[in-house]
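[1] Sequence plus the predicted model coming up.
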Amino acid sequence: MKPQVKIDSLVKDYGSLRALNGISMNIQAGEWVALMGPSGSGKTTLINILGGLDTLTAGHVIVDGVDLADLSESDLVRYRAEKVGFVFQQFHLVAYLNALENVMLAQYFHSVTDEKQAEEALKRVGLGHRLTHLPSQLSGGEQQRVAIARALINQPKMILADEPTGNLDEANEEIVIGLFRELHSAGHTILMVTHDPEIAQQADRKIELAHGHLAIDQRISMDDGIHFDHLLEQIWVCEEEGNRADLEHIRTPGGVDPVKTLARMEDLKLVQVLEDQEVQLTDRGKSRARDVVRRHRLAERLFKDTFRIDEHEAHSQACKFEHIISPELDQRICSFLGHPKTCPHGNPIPPGDCCNHKDGEE
């Protein structure tokens with residue numbers, strides 16, 4: 001398959017400073033790539049060159065068959081408007097324009113403005129009720145969602161995001177990353193600079209730069225996330241039942257090394273392994289484990305009550321189903337089942353947001 005982006009021996013110099021030194025790689029259409037590395041490694045420089053905000057010193061950067069090195073400044077302006085959507089850490093909204101006008105501004109630079117289309121873009125990111133608010137009247141998470149709507153308004157093939165959650169709290173970070181998951185599912189190519197290994201884990205591929213060189217190019221397996229969720233669920237159950245969570249009580253599927261898996265989970269700040277080998281969930285791990293347990297137990301209840309499957313088979317099917325339930329589907333299943341409090345085995349189902357807004361209850 002012909003790559004959407006082909007980078008060949010890319011060099012970028014700023015005077016005597018070499019920011020990128022002979023980088024070569026391909027990016028396929030629809031790929032989500034996490035770009036990592038220490039400060040000064042060349043991540044933002046690479047993003048800026050791909051986005052046509054900066055020019056290269058040597059080599060080739062070919063996007064959709066067009067070599068950016070051959071484009072004039074006016075050509076680059078058109079390229080930026082038609083091919084790329086930018087999402088920055090600092091939002092870069094115009095302070096005296098409201099949310100709708102900030103999105104329409106991107107349309108203006110592309111062709112003509114369309115208020116209805118801009119309104120739909122804001123509704124897509126959950127801001128249909130904030131159209132006339134100025135940036136100063138929006139939270140950080142809402143401002144970033146306006147920035148995402150602005151990036152999407154011209155239907156770009158590629159989205160370049162430079163630390164898009166860097167200024168957000170954990171709740172807003174999850175909302176924004178959820179939007180990127182939706183964009184990825186819709187087929188957008190995403191290149192995202194991030195320092196957060198858990199965010200990187202959600203991408204298809206991790207590329208790490210060091211001193212302007214390509215240090216790591218690693219495809220991320222969906223199995224990794226499934227193994228993490230499997231262990232998180234076991235640790236949650238151990239704590240729920242008052243048992244000690246350690247290597248004697250938790251198991252990894254398919255012969256996967258639990259020590260190495262737990263070490264990676266520590267790097268992702270999902271667990272903490274104590275000196276006596278007890279494994280504890282961090283706040284981040286507890287939140288993720290809670291969601292996994294909720295999805296699994298809802299799935300068990302769905303299979304048993306709706307499809308009349310026996311409890312053993314319901315558990316087996318739920319183990320497969322829990323990994324593909326989106327947050328929206330989670331709430332729909334819960335509402336369909338009447339917000340059940342326990343799974344078929346009597347274990348509690350952690351409540352979701354939908355359970356706090358049940359019809360007929362305060």
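    Received it, and whenever you're ready, just let me know what you need.
[2] Every contact and neighbour count from this point should use C-alpha atoms.
    Fine.
[3] I'd assumed residue 19 was in a strand, is it?
    Yes - assessed with DSSP: H, G, I helix; E, B strand; the rest coil, residue 19 lies in a strand.
[4] Backbone dihedrals for the residue nearest to the spatial centre of the chain, both of them.
    In the chain, the residue lying closest to the centroid (CA atoms, centre = their mean) is residue 177, at 3.8 Å. Main-chain dihedrals, residue 177, degrees, to the nearest 10: phi -70, psi -30.
[5] Likewise for residue 150?
    Torsion angles, degrees, to the nearest 10, at residue 150: phi -60, psi -40.
[6] Residue 166 is in contact with residue 88, correct?
    No - counting by CA atoms under 8 Å, residue 88 sits too far from residue 166 to count as a contact (9.1 Å).
[7] In terms of neighbours, single out the busier of the two.
    The neighbour comparison of residue 88 against residue 166 (other CA atoms under 10 Å) goes to residue 88, with 19 against 14.
[8] now the more buried one, nearest residue through space, not along the chain?
    residue 162 (5.0 Å; CA to CA, 6 or more residues apart in numbering).
[9] where exactly do the helices run in the stretch 251-362 of the chain?
    Applying DSSP state H, counting those that start in this stretch to the stretch 251-362 of the chain gives helices spanning 258-267, 283-307, 311-321, 327-336.
[10] could you say what helices and strands the first one packs with?
    Contacts of helix 258-267 with other secondary structure elements, assessed using 3 or more CA pairs under 8 Å, 6 or more residues apart in numbering; DSSP states H and E, are made with helix 222-240, strand 271-273.
[11] Residue 117 is nearest to which of these?
    Counting by CA to CA, residue 117 lies closest to helix 222-240 out of the helices and strands packed on helix 258-267; the figure is 34.9 Å.
[12] Does anything pack onto the closest one? Which helices or strands?
    helix 258-267, strand 279-281, helix 283-307.
[13] If you count contacts, what does the second one end up packed against?
    In this case it means strand 279-281. Contact here means 3+ CA pairs under 8 Å, 6+ apart; on that basis strand 279-281 packs against helix 222-240, strand 271-273.
[14] Where among those is average confidence lowest?
    Among the helices and strands packed on strand 279-281, helix 222-240 carries the lowest mean pLDDT, a mean of 83.
[15] Report the distance from that helix to the chain centre.
    Centroid separation for helix 222-240 versus its chain: 20 Å, with CA atoms, centre = their mean, to the nearest Å.
[16] now swap in stretch 240-248 and tell me
    Distance, centroid of stretch 240-248 to centroid of chain: 31 Å (CA atoms, centre = their mean).
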